[in-house]
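Chemist: need coordinates for the following:
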Amino acid sequence: MSRLRKLITPLLIGAMLALLGGCSEELPSWQNGKLLVVISESDQGAEAEFEKEMATLFAGRLQSEIEFIASPPDRIDRALRKHRAHLAAASLRSQVNVASLRFGPSYQTVNEQLICNREYRLPRRIDALTSLRLAVPAGSAQESALRELLPKHPQLKWESRKETNNQSLISEVSDGSLDCTIANENSYASARNYYTNISAGMTIGSPSKLAWAFSMDADPKLIKAAETFFASIKRDGTLNRLIERYYGHNGRLQQVDAAAFISSVSTALPDYRDLFEEAATLSGIDWRLLAALAYQESQWNPLATSFTNVRGMMMLTEETADRMNVSNRLDPRESIIAGAKYLALIRDQLPGKIREPDRTWLALAAYNQGSGHLEDARVLTQRMGMDPNSWADVKKWMPMLNQPGYYETLKYGYARGGEAVILVENIRNYHDMLKRLESDHAQESASFSYKLVEPLKKLLR
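Modeler: Now for the predicted structure:
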């Protein structure tokens with residue numbers, strides 16, 4: 001009997017492996033070939049773009065092409081198990097105990113927060129969640145954080161939603177369809193610009209350590225390459241710059257400012273959108289960025305005038321207006337086109353080694369303070385051992401241009417550098433908001449757009 005078992009066992013194992021192999025797809029080689037990456041089909045905005053850019057950088061290091069495969073969050077593990085992709089880059093919580101997955105190095109740690117409508121009192125204890133209408137995306141880091149609590153709070157319950165994302169659920173919280181949801185701190189910082197009647201409460205579970213996921217039988221060389229990649233981008237500052245690029249400006253706007261902006265998108269922007277689009281064609285700068293700059297400068301008021309006599313939609317000085325051949329600074333078309341061309345000129349004159357989007361953020365700072373003061377800030381940043389070509393580094397030192405101990409050692413002297421930092425960060429927020437609103441409009445989601453704007457209008461009444 002023992003000898004028979006020894007003969008049969010290898011045959012059974014072979015049959016099982018063949019059966020499993022028949023259910024899976026054969027992956028192309030990632031080495032100098034094609035890297036297949038699963039992303040969440042429901043993720044939008046900064047989180048999705050952040051993951052895509054990191055994955056694209058990784059593929060470049062491997063000298064491979066990249067192809068993104070969208071999947072519902074709750075089916076990402078299946079896609080990896082079935083060998084439909086080499087890895088998943090979908091802001092996954094690496095603490096999850098999933099037998100079929102292994103995780104790479106953590107690249108970001110974020111708190112998962114309870115998000116509720118302000119009409120309800122924020123719960124202070126986990127047990128209080130049992131009486132609420134609570135929903136999270138199925139298979140998300142937020143659902144994993146809730147599952148972590150179940151051993152100590154077995155009565156905890158929630159709705160696990162398929163084919164949705166955090167922003168959609170936050171919208172439901174805002175309009176009262178849900179009492180609460182869970183979102184990480186980055187998602188909340190962005191959402192509070194759109195929804196004035198939401199609040200963040202207690203942290204749910206332990207912080208999420210986000211990481212890429214691989215199947216258990218993934219190529220060890222690929223996993224080692226990912227470990228080397230993350231060690232490299234952490235060491236050279238690339239990871240910090242990416243995090244700053246996509247999340248560093250979140251939460252800077254007060255909700256009343258965000259509300260006023262979105263209201264103006266509906267009332268004032270339509271009158272000038274054609275002019276911004278024309279200026280974009282002439283300057284090569286995204287019309288939404290130009291519109292964001294104009295709003296920061298004048299709130300889209302073509303007759304705006306400051307106490308320093310900068311005037312018009314783009315708040316041009318007399319010197320800049322003369323340089324850009326503007327005959328009437330209060331004419332919106334002249335002002336917008338001149339401002340766009342001036343920003344493009346500043347951007348083009350920056351050192352060639354400055355890459356986008358830092359190039360644009362630095363150009364915006366120079367638009368506000370002048371190229372000379374920007375150069376002083378870059379010199380100061382370099383003196384402090386930081387990267388003068390990175391907006392994330394320059395913005396830490398630009399406010400020091402109003403301090404005698406610093407500006408006295410620089411060529412162009414005193415400047416209100418802090419104002420330039422605020423301007424750039426606000427414009428980044430407005431630009432992101434315009435992209436988001438434009439995307440909503442393109443999806444023909446009229447009812448969603450009404451839900452999005454209505455709470456903001458209430459704040460303005």
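
Chemist: strands of the stretch 151-300 of the chain, start to end?
Modeler: With DSSP state E, counting those that start in this stretch as the definition, the stretch 151-300 of the chain shows strands at residue ranges 159-161, 180-184, 198-203, 208-215.

Chemist: any idea which of those gets closest to residue 242?
Modeler: strand 208-215 (12.6 Å; C-beta to C-beta). (Glycine included, C-beta is placed from N, CA and C.)

Chemist: where do the strands sit along the stretch 351-461 of the chain?
Modeler: With DSSP E, counting those that start in this stretch as the definition, the stretch 351-461 of the chain shows no strands.

Chemist: tell me where it has helices.
Modeler: Per DSSP state H, counting those that start in this stretch, the stretch 351-461 of the chain carries helices over the ranges 358-369, 371-383, 391-397, 404-407, 417-442, 446-460.

Chemist: enumerate every residue touching residue 200.
Modeler: For residue 200, the residues meeting the contact criterion (C-beta atoms under 8 Å, 6 or more residues apart in numbering) are 113-115, 185, 188.

Chemist: looking at these, which are in helices?
Modeler: Cross-referencing the contacts of residue 200 with the helices (criterion: DSSP state H) gives 185, 188 as the overlap.

Chemist: switch the contacts of residue 200 over to TSV; also include distance to residue 83, neighbour count and pLDDT.
Modeler: As requested, the contacts of residue 200 are arranged in TSV below (distance: C-beta to C-beta, whole Å; neighbours: other C-beta atoms under 10 Å; pLDDT from 0 to 100):
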residue	distance to residue 83	neighbour count	pLDDT
113	36	21	93
114	37	25	94
115	36	27	93
185	34	18	88
188	36	24	86
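
Chemist: quick check: the farthest pair among the contacts of residue 200?
Modeler: Of all pairs drawn from the contacts of residue 200, the one with the longest distance (C-beta to C-beta) is 114 and 185, at 11.6 Å.

Chemist: check the helices of the stretch 351-461 of the chain for me: which has the lowest mean pLDDT.
Modeler: The weakest mean pLDDT among those belongs to helix 446-460, with a mean of 41.

Chemist: for the contacts of residue 200, which one is nearest residue 27?
Modeler: When the contacts of residue 200 are compared for distance to residue 27 (C-beta to C-beta), residue 185 comes out closest, at 34.9 Å.

Chemist: residues contacting the nearest residue to that closest one once chain neighbours are set aside?
Modeler: If you skip the residues right next to it in sequence, residue 185 has residue 111 as its closest partner in space, 4.9 Å away by C-beta to C-beta, 6 or more residues apart in numbering. Applying C-beta under 8 Å, 6+ apart, we find residue 111 in contact with 184-185, 203, 207-208.

Chemist: just the strands of the stretch 151-300 of the chain: most buried one?
Modeler: Mean neighbour count (mean count of other C-beta atoms under 10 Å) peaks for strand 180-184 among those, with a mean of 28.

Chemist: now that one against strand 198-203, angle please.
Modeler: Calculated by axes from the mean of the first three to the mean of the last three C-alpha atoms, to 10 degrees, strand 180-184 forms an angle of 70 degrees with strand 198-203.

Chemist: quick one on the thing from earlier: adding mean pLDDT and distance to residue 403, write the strands of the stretch 151-300 of the chain out as a markdown table.
Modeler: Below are the strands of the stretch 151-300 of the chain laid out as a markdown table (pLDDT from 0 to 100; distance: least, C-beta to C-beta, whole Å):
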| stretch | mean pLDDT | distance to residue 403 |
| --- | --- | --- |
| strand 159-161 | 92 | 51 |
| strand 180-184 | 92 | 36 |
| strand 198-203 | 90 | 35 |
| strand 208-215 | 93 | 37 |
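
Chemist: tabulate those (JSON lines), appending distance to residue 333.
Modeler: Rendered in JSON lines, the data for the strands of the stretch 151-300 of the chain read as follows (distance: least, C-beta to C-beta, whole Å):
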{"stretch": "strand 159-161", "distance to residue 333": "47"}
{"stretch": "strand 180-184", "distance to residue 333": "42"}
{"stretch": "strand 198-203", "distance to residue 333": "39"}
{"stretch": "strand 208-215", "distance to residue 333": "46"}
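
Chemist: for residue 94, find the nearest of the ones you listed.
Modeler: Ranking the strands of the stretch 151-300 of the chain by their distance to residue 94 (criterion: C-beta to C-beta) puts strand 208-215 first, at 3.8 Å.

Chemist: what's that closest one packed up against?
Modeler: Of the remaining helices and strands, those touching strand 208-215 by 3 or more C-beta pairs under 8 Å, 6 or more residues apart in numbering; DSSP states H and E are helix 76-81, strand 87-93, strand 101-103, strand 108-110, helix 141-149, helix 220-235.

Chemist: between the contacts of residue 111, which is nearest residue 426?
Modeler: Within the contacts of residue 111, distances to residue 426 taken as C-beta to C-beta reach their minimum at residue 185, with 20.0 Å.
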